[in-house]
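Participant: Using only what follows, build the 3D model:
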Amino acid sequence: QVQLVESGGGLVQTGGSLRLSCAASGHTFSSHAAGWFRQAPGKEREFVAAIDWSGDSTYYKDSVKGRFTISRDTAKNTVYLQMNSLKPEDTAVYYCAASKGYDSSPDHSTQYDYWGQGTQVTVSS
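Facilitator: Predicted structure coming up:
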């Protein structure tokens, strides 16, 4: 079993930065892939970024490429999402998720077995 707790959300102005953290409990987390999703009010949850268990492969939603960076620290059982050049359209609740392994594209929420409770990110214009 893996439990995930997100932190680092908040209110930031357009062009600002935030770093989200996802702390995991469970000794098997290092063997799990991880991803970040987001959900804005009135919209469906959407994929943002993912990283494989080794950290060697990363995946991004097109609109965040070049602005967001996903990384992981195995020793700390933590996955990060560094978000730069934030835009109002990035406003959403951001969720961390862990996957036992992808058998399809990592941008599908069905690929993930565990989810955090989410952290709010608000970008003001």
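Participant: where does Leu86 fall, helix, sheet strand or coil?
Facilitator: Put simply, Leu86 is coil when judged by DSSP: H, G, I helix; E, B strand; the rest coil.
Participant: Show me the residue sitting in the middle of this protein in space.
Facilitator: With distances taken as Cα atoms, centre = their mean, Trp36 lies nearest the centre of the chain, 2.1 Å away.
Participant: Let me see the contact set for it.
Facilitator: 20, 22, 48-50, 70, 79, 81, 94-97 (Cβ atoms under 8 Å, 6 or more residues apart in numbering). From N, CA and C alone the C-beta is placed, and that goes for glycine too.
Participant: and with 7 Å instead?
Facilitator: Residues in contact with Trp36 (Cβ atoms under 7 Å, 6 or more residues apart in numbering) are 48-49, 70, 81, 94-96.
Participant: Check what pLDDT the most far-flung residue of the chain relative to its centre gets.
Facilitator: Within the chain, Ser125 marks the point farthest from the mean C-alpha position, 22.7 Å out by Cα atoms, centre = their mean. The model reports Ser125 with a pLDDT of 92.
Participant: before we move on, what about Val79?
Facilitator: Confidence at Val79, expressed as pLDDT, is 97.
Participant: do Leu18 as well
Facilitator: So Leu18 comes in at 98 (pLDDT).
Participant: so it bridges to which residues?
Facilitator: On the basis of DSSP bridges, Leu18 is bridged to Met83.
Participant: ok, it to Asp62 distance?
Facilitator: Distance, Leu18 to Asp62, using Cβ to Cβ, to the nearest Å: 20 Å.
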